[in-house]
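# Sequence first, then the predicted structure, then my questions.
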Amino acid sequence: MRPLPPPPHPSPSCCCIAKITTLLPPPPRCAWAMRLRLVRLRLFSTAAAATRLYPSLSGAIAQESKNGLQQHQQLLEQHIARGQLGLARQVLDGIPAPNARAYNALIRAYSWRGPFPAAIDLYRSMLRRRVAPNKYTFPFVLKACSALVDLRAGRAIHGHAAHAGLHTDLFVSTALIDLYIRCARFCAAANVFAKMPTKDVVAWNAMLAGYAQHSMYGHAIAHLLDMQAHSCLRPNASTLVSLLPLLAQHGALSQGTSVHACCIRACLDQKEEQVLVGTALLDMYAKCKHLVYACRVFHGMPIRNEVTWSALIGGFVLCDKMAEAFALFKDMLAQGGLCFLSPTSVASALRVCASLADLRMGVQLHALLAKSGIHADLTAGNSLLSMYAKAGLIDEATMLFDEMDVKDTVSYGALLSGYVQNGKAEEAFLVFKKMQACNVEPDVATMVSLIPACSHMAALQHGRCSHGSVIIHGLASETSICNALIDMYAKCGRIDLSRQVFDKMPARDIVSWNTMIAGYGIHGLGKEATTLFLAMKNQGFTPDDVTFICLISACSHSGLVTEGKHWFHMMTHKYGMLPRMEHYICMVDLLSRGGFLDEAYQFIQSMPLKADVRVWGALLGACRIHRNIDLGKQVSKMIQKLGPEGTGNFVLLSNIFSAAGRFDEAAEVRIIQKVKGFKKSPGCSWIEINGSLHAFVGGDQSHPRSHEIYQELDNILIDIKKLGYQADTSFVLQDLEEEEKEKALLYHSEKLAIAFGILSLSEDKSIFVTKNLRICGDCHTAIKYMSLVRNRAIIVRDANRFHHFKNGQCSCGDFW
């Protein structure tokens, strides 16, 4: 630090002030200032002469000045006691010659109540008026620097304390430790601590609390052992309360029980200490998933407060004991009414309501919050917002969001996540833009919610913008963010970019590997998925049950039937995993897609679990592809017994009858579907052009360029027919004339989107189309011809997988 200027006067009383002040005014230079100085010297000389002639008058003046200072001091302290800090500052500024006591009183008030910058400003005023700070001044002003995390000002004040010879004072050193810890300058804090001639338990606790707050587990434990070994100090309640959350964070149950024993030996007498330590102990046990011990501590506490109840309720929620958590919340209200109600306990209760889908209770809690006045609290408001969003009541969530006076990152993230979960991806992007306009910084959770919205819309440009935002905000190294980016790029047709993100990840978890394997699977790259699985094992990762779902599914989409069987066998025999229903669905799908329908049927019959509608639905879909009507009828009977879970199985059954020309039976199935309230989603395809999404449905003429699109399709039909294309009218499921069937096939939504892409994109760009349903066989054949006659790379993402069309071929090998 730059050396401070020497004192302007050799007077000992001014020496200390001159060393620490850098704010003294320069000496007057203009003529008027020189004259004013001469007048002051003359007045001073006159006053000195009068004092020599009349010593009694001098004493009277001094006594009157002392009395005036005392009156000002009393008035100052009265204003501070009433919390009138503005009036206190006016009184201080009006004192002709304030002392350090007056300054310390107001600096102390500012450092405790705020505004904290006012404490530092008053300290500078103290230096300007040449009042020497003392050992009481520095702890107060350093506390304000800690609250502001103002390292620059704190270092300057550290230098002032050192020049005054007070930097090793117990209170000053403790305040310096707190400052450096809050600013994450651990070496500086440790240096101050090491130079302290004497250390009390507060100083030791300051260092320990800093290590705990920054999750420095090893340093905290070593510091605690040093405290007991070198100073013979016993940990007090503050020590234990600082340490226990760190143990909970690291799941250190063994050390936690040792601390519990220490608490028992300490025999804490004060009720406040018992509540603090008891709450910290039960919170530690709850976060270590030992609810029995947490409950024992809770029931053994003679006094509980709202934090105690919140900690135990939160523990049950953390352990997914939602019913028990809500019962405990009701007990809390029964025992203490609204006294124990806090934003934290309400947040836990609302999370329970969202998990249990108990919207009625959630609305009642909303009313309770409004009655108690807690609804205005940001934590409670965010919890309500999240509850409504997760319940699918996105309009109510939006209304609540608009009514909130204060919003933070969590508020925006909750609403954004709600939009994405309810299939409103475009609205999610609007929320994110509003968030940016309000200068609210996104966090990891926000971006992890936003990136899947790009996947849902297959909006690659939006995805790239989100990736850029992640990099700008310094979140690109987060594992969860990278996992979301891998999934997004894979679902936007850029599996190459997925692999780039995967290869550049600083750290991977099992989700990273599973996501990449699944990405290869939906692109029909089964061999690449298998290679990656082997690489995962070589790097020491143990596959979980999701890994095998992704791997067998990848084999299914690539026609690797033998390999899929092999991995199913390895899962059960080598890794000892019991297959879940999802594994059996993948196996039925694998066999069915490969044309082994009888083997798939036998596999279902031999399952140890009772096959559900999803298993039979996988086989029914294959019966439609391979036109096995007899087996389809058997499977449909099984589905009818179980009850179709959704529209898909009704549509499949209807399509099987329609393809066989049995339109009466198909109509009967559709009538049953309508009676049961299932509605068929219309086929819809969309394409992204220059960041804008263009959607189409079959026979759609609402697009502004519809005339050009239909003209282009007619021209394409002429060209592909020359190469041998013939419309497969079996995919028209209505009883129409043959010519009408051809027209219906020509104007399927994916063909309209591709024609628009041909018109809008240059020849060197790939055409990427997304469809909400499975692509039909005729469209699949036609698009292969379209890629040939227009010499374009076309990528279609349907409900099952990706199809990469180029030079008249598809990456799926006609296996989808």
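Nice, thanks for sending it over.
# ok, residues contacting stretch 697-706?
With Cβ atoms under 8 Å, 6 or more residues apart in numbering as the test, stretch 697-706 has contacts from 682-684, 694, 696, 709-710, 744, 747-749, 752, 756, 759. Every residue, glycine included, has its C-beta placed from N, CA and C.
# Show me those that map onto helices.
Taking DSSP state H, the ones among the contacts of stretch 697-706 that sit in helices are 709, 710, 744, 749, 752, 756, 759.
# ok, which pair from the residues you listed is furthest apart?
744 and 759 (22.0 Å; Cβ to Cβ).
# sorry, back to before: pLDDT-wise, what's the bottom of the contacts of stretch 697-706?
Ranked by pLDDT, the contacts of stretch 697-706 bottom out at residue 744, which has 67.
# where does residue 809 fall, phi/psi-wise?
Main-chain torsions, residue 809, degrees, to the nearest 10: phi -120, psi 160.
# if I look at it, how far off is residue 720?
When Cβ to Cβ, to the nearest Å is applied, the distance between residue 809 and residue 720 equals 15 Å.
# what about these two, which has more around it?
Legend: neighbour count by other Cβ atoms under 10 Å for residue 809 and residue 720, higher for residue 720 (21 against 13).
# any idea whether the more buried one is helix, strand or coil?
On the three-state scheme (DSSP: H, G, I helix; E, B strand; the rest coil), residue 720 is labelled helix.
# Which among the contacts of stretch 697-706 count as buried?
For those, a burial check counting by 16 or more other Cβ atoms under 10 Å picks out 683, 684, 694, 696, 709, 710, 744, 747, 748, 749, 752, 756.
# Identify the residue spatially nearest to the last one, adjacent ones excluded.
Excluding the flanking residues, the one nearest residue 756 by Cβ to Cβ, 6 or more residues apart in numbering is residue 709, at 5.3 Å.
# Can you tell me how far the one you found is from residue 790?
Summarising the geometry, the distance separating residue 709 from residue 790, computed by Cβ to Cβ, is 14 Å.
# Equivalent analysis for residue 496, please.
Between residue 496 and residue 790 the distance, using Cβ to Cβ, works out to 23 Å.
# So for the two, which residue has more residues nearby?
For residue 496 and residue 790, the more surrounded residue by other Cβ under 10 Å is residue 790, and the numbers stand at 19 against 9.
# Spatially nearest residue to the more buried one, not counting backbone neighbours?
Using Cβ to Cβ, 6+ apart, the closest residue to residue 790 is residue 758 (5.8 Å).
# Of the contacts of stretch 697-706, just say which sits nearest to residue 795.
Using Cβ to Cβ, residue 756 is the member of these that sits closest to residue 795, with 14.7 Å.
# these two touch, right, the closest one and residue 696?
Yes. Applying Cβ atoms under 8 Å as the test, residue 756 and residue 696 come out as touching, 7.4 Å apart.
# buried sites along the helix or strand where residue 707 lies?
With elements taken from DSSP states H and E, the one containing residue 707 is helix 706-722. When burial is assessed from 16+ other Cβ under 10 Å, helix 706-722 yields the following buried residues: 709, 710, 712, 713, 716, 717, 720.
# what sits against the first one?
For residue 709, the contact set (Cβ under 8 Å, 6+ apart) comprises 703, 752, 755, 756, 759.
# Please repeat the previous calculation with a cut-off of 10 Å.
696, 700-701, 703, 747, 751-760 (Cβ atoms under 10 Å, 6 or more residues apart in numbering).
# Tell me how far residue 796 lies from residue 720.
When distance is defined by Cβ to Cβ, residue 796 is 16 Å away from residue 720.
# contacts for stretch 256-269?
Contacts with stretch 256-269, where a contact means Cβ under 10 Å, 6+ apart, come from 224, 228, 234-237, 239-240, 243-244, 246-248, 250, 252, 273-278, 280-281, 284-285, 287-288, 290, 293, 297.
# one more time with 6 Å, if that's ok
237, 240, 247, 274, 277, 281, 284 (Cβ atoms under 6 Å, 6 or more residues apart in numbering).
# The fourth one should be in a strand, yeah?
No. Using three-state DSSP, the assignment for residue 274 is helix, not a strand.
# where are the low-confidence patches of the stretch 101-250 of the chain?
Applying pLDDT under 70 to the stretch 101-250 of the chain picks out residues 231.
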